[in-house]
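*Asks:* Coordinates for the following, if possible.
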Amino acid sequence: GSVMCIQSIRVLIRHFFVISIPQSAKKRKKNRKTQTNQNYFNMRKTEIMLSIQERLAGISDLKYIDKDWGQLNTAVPAVNFPCCLIDVESVNYEDGRAMQNATATIVLTIANHRTVTSSIMSPDKEKSYYLVNLTESIAGMLHLFTNGNYAPLVRTLWKKVETGTVDYECYEMRFSTAYK
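*Replies:* Numbering: from 1, shown residues only. Predicted coordinates:
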């Protein structure tokens with residue numbers, strides 16, 4: 001009885017306001033909502049990268065942690081080594097009712113100067129695996145990490161990156177997360 005009446009009144013009120021709002025106001029409202037959603041999604045990507053950056057600050061061996069804007073693609077890399085560069089590689093969106101569901105791939109690029117050979121004859125060959133061990137420390141800090149506003153990060157890929165130089169070596173790790 002009374003529940004049906006209340007629901008009917010809500011439908012009538014919604015119908016009334018939809019009919020009574022001029023078309024231009026509807027478009028403005030839709031554009032404002034779309035702009036708000038776009039800002040929200042853009043902020044979420046930034047929030048993820050910043051929270052990762054803050055989390056990695058706990059690894060004292062990292063001398064440079066930043067968003068990847070191509071620092072390693074210059075003749076003289078614009079970083080201190082060892083470094084970790086963070087970026088959002090891609091975001092896939094699925095339709096939701098009020099908001100879209102997003103699945104993001106985060107890429108971390110970890111690089112360091114190459115100072116020791118890994119040759120079997122080298123007395124310091126264990127030191128040449130420093131960067132591999134550092135990537136594992138980073139993965140340990142980030143796997144299942146979240147700030148509560150996105151799903152826990154899950155490591156999905158670890159790979160060697162060819163740099164075209166013998167001056168430094170580089171690895172990439174990818175993590176997946178989701179948000180609304």
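
*Asks:* Helix, strand, or coil at Met49?
*Replies:* Here Met49 is recorded as helix under DSSP: H, G, I helix; E, B strand; the rest coil.

*Asks:* Apart from its chain neighbours, what residue comes closest to it?
*Replies:* In this structure, Met49 finds its nearest non-sequential neighbour in Ile86, 5.1 Å apart by C-beta to C-beta, 6 or more residues apart in numbering. (Glycine included, C-beta is placed from N, CA and C.)

*Asks:* three-state assignment of the one you found?
*Replies:* Classified using three-state DSSP, Ile86 is strand.

*Asks:* Per-residue pLDDT of it, please?
*Replies:* The per-residue pLDDT reported for Ile86 equals 98.

*Asks:* residue contacts, it?
*Replies:* Residues counted as contacts of Ile86 (C-beta atoms under 8 Å, 6 or more residues apart in numbering) are Met49, Ile52, Gln53, Leu56, Ile65, Asp66, Lys67, Asp68, Ile106, Val107, Leu108.

*Asks:* Poorly predicted segments of this structure, please.
*Replies:* 1-42 (pLDDT under 70).

*Asks:* hey, where'd the strands end up in it?
*Replies:* Along the chain, counting by DSSP state E, strands occupy 64-67, 83-94, 101-113, 154-161, 168-179.

*Asks:* pretty sure Pro77 is in contact with Thr165, am I right?
*Replies:* No - using C-beta atoms under 8 Å, Pro77 is not in contact with Thr165; the gap is 9.2 Å.

*Asks:* So for the two, which residue has more residues nearby?
*Replies:* The neighbour count for Pro77 versus Thr165, taken as other C-beta atoms under 10 Å, is higher for Pro77 (20 against 12).

*Asks:* okay, now the closest residue to the more buried one other than its chain neighbours: neighbour count?
*Replies:* Among residues not flanking Pro77 along the chain, Gln71 sits closest, at 5.8 Å (C-beta to C-beta, 6+ apart). By other C-beta under 10 Å, 16 other residues sit near Gln71.

*Asks:* so who does Gln71 touch?
*Replies:* Gln71 is in contact with Pro77, Ala78, Val79, Cys83, Leu85, counting by C-beta under 8 Å, 6+ apart.

*Asks:* mind giving me TSV with these and columns for distance to Glu94?
*Replies:* Formatted as TSV, these follow (distance: C-beta to C-beta, whole Å):
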residue	distance to Glu94
Pro77	38
Ala78	37
Val79	36
Cys83	34
Leu85	28
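
*Asks:* coming back round to it: format the contacts of Ile86 as a markdown table; extra columns: neighbour count and distance to Met43.
*Replies:* Converted to a markdown table, the contacts of Ile86 look like this (neighbours: other C-beta atoms under 10 Å; distance: C-beta to C-beta, whole Å):
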| residue | neighbour count | distance to Met43 |
| --- | --- | --- |
| Met49 | 18 | 11 |
| Ile52 | 24 | 15 |
| Gln53 | 14 | 15 |
| Leu56 | 19 | 20 |
| Ile65 | 21 | 20 |
| Asp66 | 15 | 19 |
| Lys67 | 14 | 14 |
| Asp68 | 18 | 19 |
| Ile106 | 24 | 15 |
| Val107 | 16 | 19 |
| Leu108 | 24 | 21 |
